[in-house]
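Peer 1: Sharing a model that was predicted from the sequence below.
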Amino acid sequence: MKPSRRERVSDHSKVSLPFGHVLRAKRLEKRLGLRKFAELVGVSPTYLCRVEQCSVVPPTAHRVRRMAELLEENPDQWIALAGRSSEDLKAIITEAPAELSQLLRAVRGMTAKQLRTLVDAAERINQET
């Protein structure tokens with residue numbers, strides 16, 4: 001079963017592409033060979049090829065983060081594109097699940113600019129405590 005398509009956000013435009021296709025395009029753009037990139041990520045070239053062909057589910061969040069870093073991309077965006085979530089976010093949500101779930105639902109649909117304003121305010125509040 002192929003993984004579901006995820007929405008990719010880049011340069012304020014939305015393009016719907018599967019993780020594997022985005023991965024392959026960026027890897028080729030950076031002129032990294034399949035075998036070399038697989039070695040750097042810590043997976044087999046066969047597995048990486050199957051990820052790029054979308055014939056297997058994307059790798060773990062940890063490996064996706066490594067891929068994003070190697071390709072100089074935003075790890076959080078790539079983890080979301082792969083349909084994964086970071087372990088640090090799971091831990092944060094576990095600290096106050098009701099309040100953080102409520103917060104996430106409240107900010108749903110906000111623009112990137114509105115979210116940035118909210119993040120800035122949260123960081124100021126956090127520094128005050």
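Peer 2: Okay, I see it.
Peer 1: So which other helices or strands are in contact with the lengthiest helix in the chain?
Peer 2: When the chain is parsed with DSSP state H, its longest helix is helix 112-128. Helix 112-128 makes packing contacts with helix 97-107 when contacts are defined by 3 or more CB pairs under 8 Å, 6 or more residues apart in numbering; DSSP states H and E. All C-beta spots, glycine's among them, are computed from the backbone N, C-alpha and C.
Peer 1: quick one: the helix it packs on to helix 112-128, angle?
Peer 2: For helix 97-107 against helix 112-128, the angle by axes from the mean of the first three to the mean of the last three CA atoms, to 10 degrees is 150 degrees.
Peer 1: Summarise which helices and strands helix 97-107 is packed against.
Peer 2: helix 87-95, helix 112-128.
Peer 1: Tell me the buried residues in the first one?
Peer 2: For helix 87-95, the neighbour count (16 or more other CB atoms under 10 Å) marks no residue as buried.
Peer 1: mind giving me the domain split of this structure?
Peer 2: Domain assignment for the chain by automatic domain parsing gives 6-86, 96-128.
Peer 1: got the ones you listed as a markdown table, with mean pLDDT and mean neighbour count columns?
Peer 2: Formatted as a markdown table, these follow (pLDDT from 0 to 100; neighbours: other CB atoms under 10 Å):
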| stretch | mean pLDDT | mean neighbour count |
| --- | --- | --- |
| domain 6-86 | 89 | 16 |
| domain 96-128 | 95 | 10 |
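Peer 1: Of the helices and strands packed on helix 97-107, give the one that comes closest to Phe37.
Peer 2: helix 87-95 (23.2 Å; CB to CB).
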